[in-house]
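Novice: fold the following.
(one chain, ligands or ions: 1)
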Amino acid sequence: MDWNLRHCARHGHATYAPDEPALRDRLHVTTPAGEAWRCLRCGTFAVGDPAGSGPADAAPEVPRGRLLRDRVIMRLLATERGFKALLLLLLGIGILRFRGQRNALEDAYQVDLPLLRPFAEQIGWNIDGSFLTRWIEESLGLSETALAWIAVAVFAYSALQAAEAIGLWAVKRWGEYLAVVATSVFLPLEIHELLNRVTVLRLLAFVVNVAAVVWLLWSKRLFGLRGGGAAYHAEHAEESLLTVERAAAQV
Ligand SMILES: [Zn+2]
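Specialist: Numbering: from 1, shown residues only. As a prediction, this is how the structure comes out:
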C-alpha cells in the first residue's frame, strides 16, 4: 500500500515553491498544461499553483512513507482514547446524577424489588443472589462523599484519556510519552482484572494496550531507545523530499 499516494488522493498534493533558485528549479517544470510543482509527499509533479512558498527552511514538514503510516496508527489510537474519554465523562456525570437522586432511587428499589420477586421466582431467577441486585445494593450503600470521590477519579481518568488523544492525534512527542506512561501505569490493574475473570473485552483491551506501548517505544524511539529523539529526527529528515532535493541541488 502506497501511503503517500493514498494521502495525496484524499487531501491533495503538498507542493511548495522554495525561494532558493537552484532548489526551485528542481521542484518545478513547465508543461503544456501549465506550471507544475513537485509534491513533497508523493513526488509527482502536480499542475497548478504551489500550495505554499517561501524559504526552504520554512517549508511545512511533510510526513512521508513509514512516518505517514505511523501517523495513521497514532490517529487510530487517538480515536480509541477519545472514545474512552467520552464514555468516562458520561459515566462521571451519571455517578453525580445518581448521587443527587439516591434517595428516590432507593425508595423505588425498596418498593419495586418485592413486587418483582414472585415473578422472578416463577422463571427460576434468584433475585437476591444476583449480581445486579448486589451491585445496586453496594452502590446504594456508598456514602455521598465516597460517590463524589469516585466521580472525581472518573473525571480525572477521562481528562488523562483526552490528553492522550489530543497528543497522539497531533503527533506530538509529549503525546507519545504520555500515552506510554499512562498506559503502562494501568497495565498491572488490567492484569489483575484478567486474573479475576477473563472476558473477550478485557483481553482485547490488554492486547491493544501492550501492543501500543511496545510499538510507541520502538517506533518513536522513546526513552533513548534505538538512538532516542536524535535518531528519530534524523530519520524524519532523511525521509523528507526537500532534504533530498536540497542535497542534490548543492552538488
Ligand atoms: Zn502528492
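Novice: contacts (any at all) between the ion and stretch 239-251?
Specialist: No - Stretch 239-251 does not reach the ion (C-beta under 5 Å from the ion); its nearest approach is 9.8 Å. Bear in mind the C-beta positions are built from the backbone N, C-alpha and C, glycine included.
Novice: what is the neighbour count of L88?
Specialist: Neighbourhood size, L88 [other C-beta atoms under 10 Å]: 20.
Novice: tell me who's in contact with it.
Specialist: By C-beta atoms under 8 Å, 6 or more residues apart in numbering, the contact set of L88 is 154-155, 157-158, 161.
Novice: at 10 Å instead, please
Specialist: 153-162 (C-beta atoms under 10 Å, 6 or more residues apart in numbering).
Novice: that one and the ion, how far apart?
Specialist: As judged by C-beta to the ion, to the nearest Å, L88 and the ion stand 39 Å apart.
Novice: out of the contacts of L88, grab the one that's most surrounded.
Specialist: Q161 (22 neighbours).
Novice: so which elements touch the helix or strand harbouring it?
Specialist: Q161 is part of helix 144-169 when elements are defined by DSSP states H and E. For helix 144-169, the helices and strands in contact under the criterion 3 or more C-beta pairs under 10 Å, 6 or more residues apart in numbering; DSSP states H and E are helix 65-100, helix 173-196.
Novice: so which of those helices is the most packed in?
Specialist: Among the helices and strands packed on helix 144-169, the stretch with the highest mean neighbour count (mean count of other C-beta atoms under 10 Å) is helix 65-100, at a mean of 16.
Novice: now the stretch 51-200 of the chain against the ion: closest residue?
Specialist: Nearest residue of the stretch 51-200 of the chain to the ion: V62, at 8.8 Å (C-beta to the ion).
Novice: contacting residues around that residue?
Specialist: When contacts are counted by C-beta under 10 Å, 6+ apart, V62 touches 4, 7, 13-16, 39-42, 68, 239-242.
Novice: helix or strand: which one has it?
Specialist: Counting by DSSP H and E, V62 is part of no helix or strand.
Novice: the spatially closest residue to it that is not a sequence neighbour: how many residues sit nearby?
Specialist: Using C-beta to C-beta, 6 or more residues apart in numbering and skipping the chain neighbours, the partner closest in space to V62 is L40 (4.3 Å). With neighbours defined by other C-beta under 10 Å, the count for L40 comes to 24.
Novice: distance of L40 relative to the ion?
Specialist: 8 Å.
Novice: verify the stated contact: that residue with Y16.
Specialist: Yes - using C-beta atoms under 10 Å, L40 is in contact with Y16, at 5.7 Å.
Novice: who touches both of the two?
Specialist: What both L40 and Y16 touch, as defined by C-beta under 10 Å, 6+ apart, is the set 27, 50-52, 59-60, 62, 241-242.
Novice: just the buried ones from those?
Specialist: 27, 50-51, 59, 62, 241-242 (16 or more other C-beta atoms under 10 Å).
Novice: read off the pLDDT value for the residue nearest the centre of the chain.
Specialist: Central residue of the chain (C-alpha atoms, centre = their mean): A78, 1.1 Å from the mean position. What the model reports for A78 is a pLDDT of 96.
Novice: what does V251 give?
Specialist: 55.
Novice: can you pull the contacts of E144?
Specialist: 99-100, 102.
Novice: in the stretch 51-200 of the chain, where is pLDDT below threshold?
Specialist: Of all residues in the stretch 51-200 of the chain, none has pLDDT under 70.
Novice: tell me the contacts of L68?
Specialist: 2-4, 6-7, 41-42, 62, 239.
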